[in-house]
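# What would the 3D arrangement of this be:
(chains A and B)
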Amino acid sequence: MRFLLIEDNSALAAAVVDRLSLDGHVVDHAGDLETAKDYAATTEYDLILLDIMLPDGDGRSFLAHHRDKKTTTPVIVLTARSEVSDRISLLDLGADDYMVKPIDFAELEARCRAVLRRRGGGARNAIVLGKLEFNPASGTLKVDGTEIQLRTRELRLFEVFINAPEMVLSKPALVDRLFSYDEQVTENAIEVYVARLRKHLTGSGVSITTVRGLGYKLVHA
Amino acid sequence: MTPPVAQGSIRRRLLLLLLLVSAAMAVLLYFVVQSVAQQVAQDSQDNILAASARSVMDGARSVEGSISVDLPYSALSMLDSVTDERVFYAVWLGPEFLTGYRDLPRPPLRDQSTMAFASREFLGEQVRIVSVGRPFAVHEGQVLVEVSVAQTLSGQRQTLTEISHMALAIGAGFFAISAILALLVARSTIRPLDLLTASVARRGPKDLRPVSAPVPHEMVPLVASLNTLMQRLEASLARSEDFIAEAAHRVRTPLAIVRTKAEIIQRSVTKAENRAALREMIHAIDDSSRTAGQLLDHAMVAFRLDNLAQETIDLSALVQDSVERLRPISEIKDITLMVTASDAATIKGDSILLQSALHNLLDNAVKYSPAGSRVEVALRCGDFGPRIDVRDTGAGFADLDLERLTGRFERGTNSSGIVGSGLGLTIAKDVIEAHGGQLRIGNNPKGGACASLLFPWS
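Have a look, this model is predicted:
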């Protein structure tokens, strides 16, 4: 996905850009409102991450400006303020959701998905592999045109695999992608989810194979 | 807040003062009327007495050196005409008594041709006496003829009593009218103060606008200082809100950098113990940022509890909102958030606070539930008022000591390893109790915890 990150703290912005590119996202960073408006006017983004406290004004004014232009790009506000008191005004101003810093990227991913689902994220990013059709924005997986009901975590595991076909993914890497940091997990938990996913993928021509001692990879027969 | 100490009342003092003044005026009026009436009555009696005495004197003649006195009838009859007063007279020729009542006292004449008045007692009655003197030429030279005429005072006194009664009635009437006027004056003087009080008391808890309604000149300094006070209060409130926001920003931005970098490093680290250390680090960062957040929330809650808003809140919308807000987080753990019942219910209160309370209960439920489980939220209207139950399928409360669990920074004995600040239940309890309800915690028969917000009907 293509993100626009509007954040004045350059150290934090650099870290967020790095972190999001690890998941294969493309991120443009704007340090102030003026730059942000220029970027937003010239590039079409899937999602905008907006900090509220900016050197040349309040992020709320960007929200108002953004909504006036009738663009459909969803905005998730990153706030450092006490969440309850700020929430209503932010959502009233047209933010799609908000998150409190520090950003939990698993939560960010979940909120992005929820926002894109609400906005009916288009099919333009659909990934097709054999009989499989996967729409990462809406999180729907179709085999031969029939939608398969996956639980959230199965879906996210599948998303990790389909974004890196034929690549070996280690169990620790999968744990990082799948579990939040306040859960106590063992790597055995990954085996459980891989087993479930394999069952769903039966007959699709796509399978997950075990690479002994290294991890798993998605292959298309 | 201590109630202001009341000392005296302007209205009462004003009223008392006005009443005192009008009472004094009424008494003064009474005495003035009485004394004027007495003066007038006495003057007219004196005039008649003097005229009578003079006409007696006119009947005195000096014929060839001897004095003869004729008592004209009209002289005494003019006195009779007033009332049935008794009349006395005496005529003296120098030291020699001529006619009348010998014992009738004679007011001493200052010089020979004037007259003198006196009030004396005679034959057991108060009388008014006039003496008139006139010198006559006789053989031996000059002799002073002195005529005294007296009249009793009973009739005059009766008239005076009547007049004095009337004066009393007039005084009382005057006092009554002044009292009513005083009451009206006191009320209308106090009225601007009452109006100001009402307009300030009518205000909502957040209304700190200056008082702009016109007030009397004398109250301008009071209203001016009231406005200054409100301005200062507003500025100080704004400052503390800004301070909280700024503090949150300062704490959270560095935490955000550290956390993000830690996640990036985690991706490239393969050694098991390093990975475990990084996990612990991120866990600790989440812990401290959550604590910072809840501390700020707690401060915000304490602040808002002091001036509790009274909005009409749709509880089912509140439940839906809070659930939708938490759904993405619950999905990370494959936890299904379900609203199992949602009756319609509205209450009066502060929606931001109630959202915070419910959010804390939901957040707890999601946090303490195992992956793949479900959390149920139900809004029901029981006989005792609406209640929101949040049930999870986690380990449940290890102990059900609500007092201990809702103490600040207290956490359940089985909560180790889970991010938390120990302020969530404290906030929920403070908020619901401020709304006249209560927080209840318990364990479900089939396992898992249940936390409930019980509202009163409003």
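
# Contacts made by stretch B:191-210 with the rest, please.
Residues from elsewhere that reach stretch B:191-210, judged by C-beta atoms under 8 Å, 6 or more residues apart in numbering or on different chains: B:10, B:211, B:213, B:215-216, B:219, B:223, B:226-227, B:230-231, B:233-234, B:237, B:307-309. In this view, the C-beta of every residue, glycine as well, is placed from N, C-alpha and C.

# mind redoing it with 7 Å?
Under the criterion C-beta atoms under 7 Å, 6 or more residues apart in numbering or on different chains, residues B:211, B:213, B:215-216, B:219, B:223, B:227, B:230-231, B:233-234, B:307, B:309 lie in contact with stretch B:191-210.

# From those residues, keep the buried residues only.
Buried residues within the contacts of stretch B:191-210, counting neighbours by 16 or more other C-beta atoms under 10 Å in any protein chain shown: B:211, B:215, B:219, B:223, B:230.

# Tell me which two in the contacts of stretch B:191-210 are the farthest apart.
Farthest-apart pair in the contacts of stretch B:191-210 is B:Pro216 and B:Ala309; separation 34.0 Å (C-beta to C-beta).

# For A:Asp68, grab phi and psi.
phi -60, psi -30 (degrees, to the nearest 10).

# helix, strand or coil for A:Gly203?
Three-state call for A:Gly203 (DSSP: H, G, I helix; E, B strand; the rest coil): coil.

# What count of nearby residues applies to it?
10 (other C-beta atoms under 10 Å in any protein chain shown).

# And for it, nearest residue in space, chain neighbours not counted?
Spatial nearest neighbour of A:Gly203, chain neighbours left out: A:Val143 (7.2 Å); criterion: C-beta to C-beta, 6 or more residues apart in numbering or on different chains.

# cool, and B:Glu121?
In space, and not counting its chain neighbours, B:Glu121 is closest to B:Val127: 7.2 Å by C-beta to C-beta, 6+ apart.

# so which helix or strand takes in B:Arg440?
Using DSSP states H and E, B:Arg440 maps to strand B:438-443.

# Which residues outside the helix or strand following that strand are in contact with it?
Proceeding N to C from strand B:438-443, the next assigned helix or strand is strand B:449-454, under DSSP H and E. With contact meaning C-beta under 7 Å, 6+ apart, strand B:449-454 is reached by B:357-358, B:361, B:364, B:368, B:385, B:387-392, B:394, B:396-397, B:432, B:437-444.

# how about the top strand by length along chain B: buried residues?
Ranked by residue count, the top strand of chain B under DSSP state E comes out as strand B:125-138. Going by neighbour count (16+ other C-beta under 10 Å), the buried part of strand B:125-138 is B:127-134, B:136.

# so how far is that strand off the chain centroid?
Centroid separation for strand B:125-138 versus its chain: 72 Å, with C-alpha atoms, centre = their mean, to the nearest Å.

# Can I get it in CSV, CA atoms only?
Listed next in CSV are the C-alpha coordinates belonging to strand B:125-138 (Å, rounded to 0.1, in the frame of the first residue of the first chain):
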residue,chain,number,x,y,z
GLU,B,125,-60.4,73.6,87.6
GLN,B,126,-57.8,74.6,85.1
VAL,B,127,-58.5,78.0,83.8
ARG,B,128,-57.0,80.4,81.4
ILE,B,129,-56.8,83.9,82.7
VAL,B,130,-56.2,87.2,81.0
SER,B,131,-55.6,90.5,82.9
VAL,B,132,-55.9,93.8,81.2
GLY,B,133,-54.8,97.0,82.9
ARG,B,134,-55.7,100.7,82.0
PRO,B,135,-54.6,103.7,84.0
PHE,B,136,-57.4,106.3,84.8
ALA,B,137,-57.0,109.8,86.1
VAL,B,138,-58.6,110.4,89.4
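
# Can you give the strand pairings for it, parallel or anti for each?
strand B:115-122 (antiparallel), strand B:141-152 (antiparallel) (DSSP bridges).

# Which strands or helices does the helix or strand containing B:Ile265 pack on?
Assessed by DSSP H and E, B:Ile265 sits inside helix B:220-268. In terms of contacts (3 or more C-beta pairs under 7 Å, 6 or more residues apart in numbering or on different chains; DSSP states H and E), helix B:220-268 is packed against helix A:10-22, helix B:272-306.

# Quick check: mean pLDDT of that helix?
Helix B:220-268 shows a mean pLDDT of 85.

# ok now that helix, how far from the chain's centre?
Distance of helix B:220-268 from the chain centroid (C-alpha atoms, centre = their mean) equals 39 Å.

# follow-up on the earlier one: which of the strands paired with strand B:125-138 is buried the deepest?
Highest mean neighbour count of the strands paired with strand B:125-138: strand B:141-152, a mean of 21 (counted as mean count of other C-beta atoms under 10 Å in any protein chain shown).

# quick check: angle from the next helix or strand after it to helix B:220-268?
For strand B:141-152, the following helix or strand on the C-terminal side (DSSP H and E) is helix B:154-201. Counting by axes from the mean of the first three to the mean of the last three C-alpha atoms, to 10 degrees, helix B:154-201 lies at 20 degrees to helix B:220-268.

# For the residue nearest to A:Gly203, give me its contacts.
A:131-132, A:204.

# Now, of the residues you listed, which are buried?
Using 16+ other C-beta under 10 Å as the burial test, the contacts of A:Val143 include A:132, A:204 as buried.

# and which of the contacts of A:Val143 is nearest to B:Gly171?
Minimum distance to B:Gly171 across the contacts of A:Val143 is 112.1 Å, recorded for A:Leu132 (C-beta to C-beta).

# Please verify my assumption that that closest one contacts A:Ser207.
No. A:Leu132 is beyond contact range of A:Ser207, at 10.9 Å (criterion: C-beta atoms under 7 Å).

# What ranges in the chain fall below the confidence cut-off?
Using chain A here. Chain A contains residues with pLDDT under 70 at A:81-88, A:120-125, A:137-138, A:182.

# Chain B, not that one
Per-residue confidence for chain B (pLDDT under 70) gives these ranges: B:1-2, B:80-83, B:112-113, B:204-206, B:413-421, B:458.

# make it 50
Residues of chain B meeting the criterion pLDDT under 50: none.

# Could you state which residue of it sits nearest its centroid?
Nearest residue to the geometric centre of chain B (C-alpha atoms, centre = their mean): B:Asp194, 7.3 Å.

# likewise chain A?
Centrality entry for chain A: nearest residue to the mean C-alpha point is A:Glu109, 3.5 Å, by C-alpha atoms, centre = their mean.

# Contacts for the helix or strand where that one lies, please.
According to DSSP H and E, A:Glu109 maps onto helix A:105-118. Residues from elsewhere that reach helix A:105-118 (C-beta under 7 Å, 6+ apart): A:19, A:47, A:74, A:76, A:96-97, A:99, A:137-139, A:180, B:263, B:327-329, B:331-332.
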